[in-house]
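1. Kindly return the folded structure for what I paste below:
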Amino acid sequence: MGWPIALIILIICLIFFDFIWGRKMTASEEDKEAMMKYNAFEAIEDKVLLAKSLFTLALVLAGFIWGHGQGWEPGTIALTGAAFLLLLHSFGGKPEEQSHHVHSAFQQVEWETIFFFLGLFVLVSGVEQTGLLKIMAEKLLGLTGTNIELAGMIILGASAVLSAIVDNIPFVATMIPLIKAMQADLGGPQAIEPLWWCLSLGACLGGNGTLIGASANVMVASFAERAGQRISFMDFMKLAFPLMLFTTFLSAIFAYFVYF
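-> Numbers count the residues shown, from 1 in each chain. The predicted structure is shown next:
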């Protein structure tokens, strides 16, 4: 049960954001008046394309749910959905219009972000394949012995820090068999359930620590740079990393008193 600490962290973050940025945000009366007159439905330039997009999105979400048990990779489903939407959008048009639709769609793709993730995942995969993540995880768990409280605190803290540096998915995948191997010494599957919560909390919160800690961070930074508001790695980390450490500390307190 992790929702209480998640709710507490959400409230704390909202207060923090309001204190740092919210109170400094101002708007002129003209801007307020323009915003009040804004009609969201009038902003939709192509209602037919919107309907096609929503239909394709529903199919992709269904593919994520149903395809998980069929061995379909999420990336394959997403790319198939993108190709299907491009086909729907271009179908029936003149060759010139079809070519324009295809070129226009590819021009709007965030290629820099995509290639950034390609490079990042290749590097992380290299670190994983060399066994470095497994060695680090074994060393961390080797410090705990049969002390489940210490194991939980080390797993929570280490997963938070490492998830801010490397992608949390390979780290969590590496930790799963190692934690399972500890259950015989710690009292069985039921006894090590708190360790799974510690791993989940640490891996999730760690992604907030740096600009590359989570995919959402990179995407927002890319959109901001396109709008002329660049977010540098160090500027983001100066605020995000201490906040990540603080929320991880709160999670550790919660985990100690609730799970242990």
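2. Tell me the first helix or strand C-terminal of the helix or strand harbouring residue 64.
-> Counting by DSSP states H and E, the element that carries residue 64 is helix 47-67. The helix or strand immediately downstream of helix 47-67 is helix 74-90, counting by DSSP H and E.
3. just to revisit the earlier point, elements contacting the helix holding residue 64?
-> helix 74-90 (3 or more CB pairs under 8 Å, 6 or more residues apart in numbering; DSSP states H and E). In short, each C-beta sits where N, CA and C put it, glycine included.
4. Do a quick rundown of the helices in this protein.
-> Using DSSP state H, the helices of the chain run over residues 3-20, 29-36, 47-67, 74-90, 95-107, 111-129, 132-142, 148-165, 168-186, 193-206, 215-226, 233-258.
5. which other residues reach the shortest one?
-> The one in question is helix 29-36. Residues outside helix 29-36 that contact it (CB atoms under 8 Å, 6 or more residues apart in numbering): residue 27.
6. burial measure for the closest residue to residue 236 other than its chain neighbours, as a count.
-> Leaving out its chain neighbours, the residue that sits closest to residue 236 by CB to CB, 6 or more residues apart in numbering is residue 211, at 4.5 Å. Residue 211: 18 surrounding residues under other CB atoms under 10 Å.
7. List the residues that contact residue 211.
-> 217-218, 221, 231, 233, 236-237, 240.
8. With neighbour count, distance to residue 47 and pLDDT as new columns, can those be given to me in TSV?
-> TSV is the format used below for the contacts of residue 211 (neighbours: other CB atoms under 10 Å; distance: CB to CB, whole Å; pLDDT from 0 to 100):
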residue	neighbour count	distance to residue 47	pLDDT
217	18	33	86
218	19	31	84
221	20	31	87
231	15	34	90
233	11	40	90
236	19	37	91
237	17	42	92
240	18	39	91
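9. Just the closest of those residues to residue 253, please.
-> residue 240 (20.5 Å; CB to CB).
10. I figured that closest one hits residue 210, correct?
-> Yes. Between residue 240 and residue 210 there is a contact at 6.6 Å, judged by CB atoms under 8 Å.
11. Residue 222 and residue 243, how far apart?
-> 22 Å (CB to CB, to the nearest Å).
12. With residue 16 as the reference, measure out to the nearest residue to residue 254 once chain neighbours are set aside.
-> Nearest non-adjacent residue to residue 254, counting by CB to CB, 6+ apart: residue 5, 4.2 Å away. Counting by CB to CB, the gap from residue 5 to residue 16 is 16 Å.
13. Comparing the two, which shows the higher neighbour count?
-> Of the pair residue 5 and residue 16, residue 5 is the one with more neighbours under other CB under 10 Å, namely 20 against 15.
14. quick one: pLDDT of that one?
-> Looking at residue 5, its pLDDT is 89.
15. what's it in contact with, if anything?
-> 201, 250-251, 254-255.
16. Most neighbours among those residues, please name it.
-> Neighbour tally across these (other CB under 10 Å): the maximum, 27 neighbours, falls on residue 201.
17. Could you verify my assumption that that one touches residue 8?
-> No. At 11.8 Å, residue 201 and residue 8 do not qualify as touching, with contact defined as CB under 8 Å.
18. count of neighbours near residue 155?
-> Counted with other CB under 10 Å, residue 155 comes out at 28.
19. do you know how far it is from residue 218?
-> 26 Å.
20. cool, residue 203 as well?
-> 17 Å.
21. got it, and residue 53?
-> For residue 53 relative to residue 218 (CB to CB), the value is 23 Å.
22. got a list of what residue 172 touches?
-> Residue 172 makes contact with 159, 199, 203 under the criterion CB under 8 Å, 6+ apart.
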